[in-house]
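*Asks:* Starting from these lines, generate the structure:
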Amino acid sequence: MIIRLVQPPTKNWILLAEQLDDPATWDRFIPCHTVSSQRWTFDCAVKEAAGKTVVLKPCKDMLKCGTSAFEYDWNTEEDEILSHAMQVAEGLHLELIMSAPTSPREGLMQSA
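*Replies:* Numbering: from 1, shown residues only. Take a look at the predicted model:
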């Protein structure tokens, strides 16, 4: 699992978990991950660290097999966002990476 904090041009800050151990049949409309999965662990860590002070929601257009994403509320201060993301990464014993998300198109252009 890789955790990234990104700010795409059209959205507020997003906390992503990539390379999750989702089953190949994963579908956001039919939950099929277990409580022992990396997706469950990440999602719970994000919600637990947020408590009642950090407002964020699932970023549905970025949810796909192997990726979970949460978008921070526009009114959340950047220091609160960074603190929350670092708390999630620390709780999962992972490094927090700050970067732009890789688009599928970029990957295709590099392989051509």
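*Asks:* Now do stretch 11-19: distance to the chain's middle.
*Replies:* 4 Å (C-alpha atoms, centre = their mean, to the nearest Å).
*Asks:* Begin at 606, not 1, for the rest of this chat.
*Replies:* I'll keep to 606 as the first residue from here, and by that count the last item is stretch 616-624.
*Asks:* Distance of the nearest residue to L687 once chain neighbours are set aside relative to D684?
*Replies:* Closest residue to L687 apart from its sequence neighbours, by C-beta to C-beta, 6 or more residues apart in numbering: L610 at 7.2 Å. Yep, even glycine has a C-beta here, placed from its N, CA and C like the rest. Here the criterion is C-beta to C-beta, to the nearest Å. By it, L610 lies 13 Å from D684.
*Asks:* Which parts of the strand or helix carrying the residue nearest to L687 count as buried, going by neighbours?
*Replies:* Here L610 sits within strand 607-611, counting by DSSP states H and E. By 16 or more other C-beta atoms under 10 Å, the buried positions in strand 607-611 come out as I608, R609, L610, V611.
*Asks:* which one among the residues you listed gets closest to E653?
*Replies:* The closest of these to E653 turns out to be I608 (C-beta to C-beta; 14.6 Å).
*Asks:* Model confidence for the closest one, exactly?
*Replies:* For I608, the pLDDT comes out at 96.
*Asks:* Likewise for T707?
*Replies:* T707 is given a pLDDT of 49.
*Asks:* go on, the one 5 residues further on?
*Replies:* Residue-level confidence at G712 comes out at 38, pLDDT.
*Asks:* Now the most centrally placed residue in the chain: which helix or strand?
*Replies:* Nearest to the geometric centre of the chain sits L621, at 2.0 Å (C-alpha atoms, centre = their mean). Take DSSP H and E as the rule and L621 turns out to sit in strand 619-623.
*Asks:* now do E685
*Replies:* helix 683-696.
*Asks:* Show me what that helix is packed against.
*Replies:* Secondary-structure packing of helix 683-696 (3 or more C-beta pairs under 8 Å, 6 or more residues apart in numbering; DSSP states H and E): strand 607-611, strand 619-623, helix 643-655, strand 701-703.
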